[in-house]
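**Student:** Turn this into a model:
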Amino acid sequence: MTGRVVPSKYDVCLPYVLVEPIDSFMTDQNSQSHDTARSAEHSSLNRRSAIRLSAAAAIAAATSSLAKADLPTGTLSEMLGRRQTGGSDFKLTAITDYHANMAEFGGQLSTPIERLLMPVARQSPFQFDILIVGSGYGASVSAARLAAALRPGARLGVLERGREWIPGTFPDRLKDVTNASRLELLGRNKGETHDPIGLFDVRQFDEISILAGSGLGGSSLINANVAYRPDPDVFHQPVWPQALRDRAFLDPYFELAIAELGARVEPLDYSSKMLAQRIAAERLAYRGARFEPATLTVTRAINNFGTNFVGPNCNGLNSGLPIINRQSMRQRSCIDCGDCLSGCNVGAKNSLAMNYIPMARRAGAQFFTQTEVHRIEKLSAGYRVYFTVTRTTADGSFVRCPGSTTTRILILGAGSLGSSELLLRSQSECLELTQRLGCNWTGNGDALGFITNSQCRTGVAGQSAYTAPCPPVGPTIQTNVTYPYRPLAGRVLIQEGAAARAYTNAIGTLMLDPLMESTQILLGMGHDGAAGRITLNDRGFGVVSWPGLLESDYRKLIRSEFEQIANALGGNYRFLKIFDDKMISVHPLGGCAMADDPLHGVVNDRGQVFDGRHGGDVDYQTGLPRVHSGLYVVDGAILPTSIACNPLLTISALAERASDLMLDEPQFADLFATS
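**Tutor:** All right, here's what the predicted structure looks like:
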């Protein structure tokens, strides 16, 4: 089976004749626009003092332009249709499958909150033997591996601030996405809590904004599913712990995570945007560009020969029996709707709720949702965890109840910002931490760009879980364009993207391409220097600051690379200032960086938190820096640098390794059954 791109007016890309180097292959108009943008970028004063155009005003202006244009028949009705939501056979099937999957767990993955709030009679002085904060990749991997190894009677719990989401119920229009935001995004109350159990956690700072998922499964609920191993040279950097400077030591854990997450390579040229990206990369081969299909944690059916993927047929139907995954969960084949980033309503996304979390539940782990941890306290032989439980009333309002519990081992997996701010809040005479806490923060070089008027059809308008005509949009990301022969600092990863249905009208209007037929979305990653810093504001929340980021050489580099791809497609490169011209990251990393000693990091290569007393004492028995017994960090916060690729696989592999090593800790031998 080859590509499934359906012929259209873009069937044959226009001839690409390289008259002069691509660095100067621009029309005069594009050159002037580029120079103007670059001049504004270099002038911090002008940028900060200029009148900022709001998102609403920008969209209104673009809408006015569209209104004067001669739109193709059916365009307006399609745009109006995206403002509606409703049920579908796909959604109903996903909901039915989820309930069937959860039957063995009493109907849901989460545990009734009363079991957390009410003390349990135990022989141990602690309510839990192991307590994990968060349910993203690091946290869920740890929960699955440690729960499976616990002796009978031992208790492992997971605290997740978001709620349990059911495939088939994710928002698919802009209004519902906005309503599902944890924080107010605009207006007088910007930054205040809007919905404490909201799915989309957007944090806005002076130089950068951060998006993360909040729910059972963390960001796996709304990510682009890309599983990617970093360049080996990333680990050769001296800031990495000695034990991890050869990536080969992590390879067995990478393989294990790939198997559990069901990661597979996408078929070549499977969608229009994928084909367009390949064409661009081939035209940029002289600059060292290399193209490859991405490896995704997405479920696809296999044909009778067991070699190629089979997607839906041309009218979008996805019939047939469910696919039973490695963890015996029922899933459905991807229908290529392009809605990965707002939550999969088909049941094809291999989120953590489809693999590691069910593994942990079968092993006896308890998952408590709608429980937000605020701080921790070190006890004589364990930890007390303070939290707030959020309940939803019949009228949609929230009732919040404070509580606390105790545990012998505490594992933080609340994400880069969450785990860092939790430790920052919790420092005390009993819990002294290193001076490096909050340092080495990075947005992983994340950048967002757009190409308009591409000579090749792209078709990036998300359709959600509704029957739609061909051709397919494809999963959000399907390709990687890399530059492997450059020095490490210049290596970037550029991927194409799709606009989830909820965002398509807004983006299509701004791009003057309402059907998103000739707009290519670019997502970039690279080595940004990891010079960000997390501190606490006067309300105790983490704040990221990074003076100079917006004028950095890296930002100029990634924008230049985006422009090269735009030129290769015969289109125009654009970036949107409706984000106040900030950087945007969906891969926040660092804040609790790994290192060999407390002078250079917050945790060791196993995720154990350094004891910061006297600048970092050495344990005379081991000869190693002293750590706080039983306190770990296992999420993206521990990465000491950017890794210039989607980090879910690296975080999972590090958590697999940390869990494996924890089982061999002599001080915890009484908790774990020997094999």
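**Student:** tell me which element Arg361 falls in.
**Tutor:** helix 356-362 (DSSP states H and E).
**Student:** Provide the contact partners of whatever helix or strand comes next after that helix at residue level.
**Tutor:** Scanning the chain past helix 356-362 towards its C-terminal end, the next helix or strand to appear is strand 366-368 (assignment: DSSP H and E). Defining contact as C-beta atoms under 8 Å, 6 or more residues apart in numbering, one finds that strand 366-368 is touched by 109-111, 113, 115-116, 135, 143, 155-160, 216, 357, 360-361. Quick note: C-beta positions are derived from backbone N, CA and C, even for glycine.
**Student:** before we move on, what about stretch 654-661?
**Tutor:** Contact with stretch 654-661 is made by 137-139, 141-142, 145-146, 250, 253, 256-257, 413, 606-607, 632, 634-635, 638, as judged by C-beta under 8 Å, 6+ apart.
**Student:** Give me the subset of those residues lying in helices.
**Tutor:** Where the contacts of stretch 654-661 overlap with helices, as defined by DSSP state H, the overlap consists of Tyr137, Gly138, Ala139, Val141, Ser142, Arg145, Leu146, Tyr253, Leu256, Ala257.
**Student:** Count the neighbours of the nearest residue to Leu437 once chain neighbours are set aside for me.
**Tutor:** Once flanking residues are discounted, Leu437 sits nearest to Val602: 5.2 Å by C-beta to C-beta, 6 or more residues apart in numbering. Other residues within reach of Val602, judged by other C-beta atoms under 10 Å, total 30.
**Student:** Identify the residues contacting Val602.
**Tutor:** Val602 sits next to 423, 433-434, 436-437, 591-595, 609-610, 633, 638 when contact means C-beta under 8 Å, 6+ apart.
**Student:** so where's the stretch 301-450 of the chain uncertain?
**Tutor:** Using pLDDT under 70 as the threshold, the predicted model of the stretch 301-450 of the chain has low-confidence ranges 302-319.
**Student:** Helices of that one, residue ranges please.
**Tutor:** 356-362, 415-426 (DSSP state H, counting those that start in this stretch).
**Student:** most neighbours per residue, which of those?
**Tutor:** With neighbours taken as mean count of other C-beta atoms under 10 Å, those reach their highest mean count in helix 415-426, at a mean of 26.
**Student:** Please state the offset of that helix from the chain centre?
**Tutor:** Between the mean C-alpha point of helix 415-426 and the mean C-alpha point of its chain there is a distance of 18 Å (C-alpha atoms, centre = their mean, to the nearest Å).
**Student:** which residues touch that helix?
**Tutor:** By C-beta under 8 Å, 6+ apart, the residues outside helix 415-426 that reach it are 133-134, 136, 203, 210, 212, 218-219, 373-377, 412-414, 433, 437-438, 441, 534-536, 540-542, 544, 588-592, 602, 609, 633, 635-637.
**Student:** at 7 Å what do you get?
**Tutor:** With C-beta atoms under 7 Å, 6 or more residues apart in numbering as the contact definition, helix 415-426 has outside contacts at 134, 136, 203, 210, 212, 373-376, 412, 414, 433, 437-438, 441, 534, 536, 540-542, 588-592, 633, 635-637.
**Student:** CA atoms only: put that helix into CSV for me.
**Tutor:** Taking only C-alpha atoms (Å, rounded to 0.1, in the frame of the first residue of the first chain), the coordinates of helix 415-426 have been written out as CSV:
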residue,chain,number,x,y,z
GLY,A,415,5.8,17.8,35.2
SER,A,416,8.6,20.3,34.8
LEU,A,417,6.8,23.3,36.3
GLY,A,418,4.6,21.2,38.7
SER,A,419,7.4,19.2,40.4
SER,A,420,9.7,22.2,40.5
GLU,A,421,7.3,24.6,42.2
LEU,A,422,6.2,21.8,44.6
LEU,A,423,9.8,21.4,45.8
LEU,A,424,10.3,25.2,45.9
ARG,A,425,7.3,25.6,48.1
SER,A,426,8.4,22.7,50.4
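**Student:** shouldn't Arg245 be in contact with His236?
**Tutor:** Yes: look at Arg245 against His236 with C-beta atoms under 7 Å: they come within range, at 5.8 Å.
**Student:** Which one's more surrounded, the two?
**Tutor:** Between Arg245 and His236, counting by other C-beta under 10 Å, Arg245 is the more crowded of the two (15 against 12).
**Student:** This completes my enquiry, with thanks.
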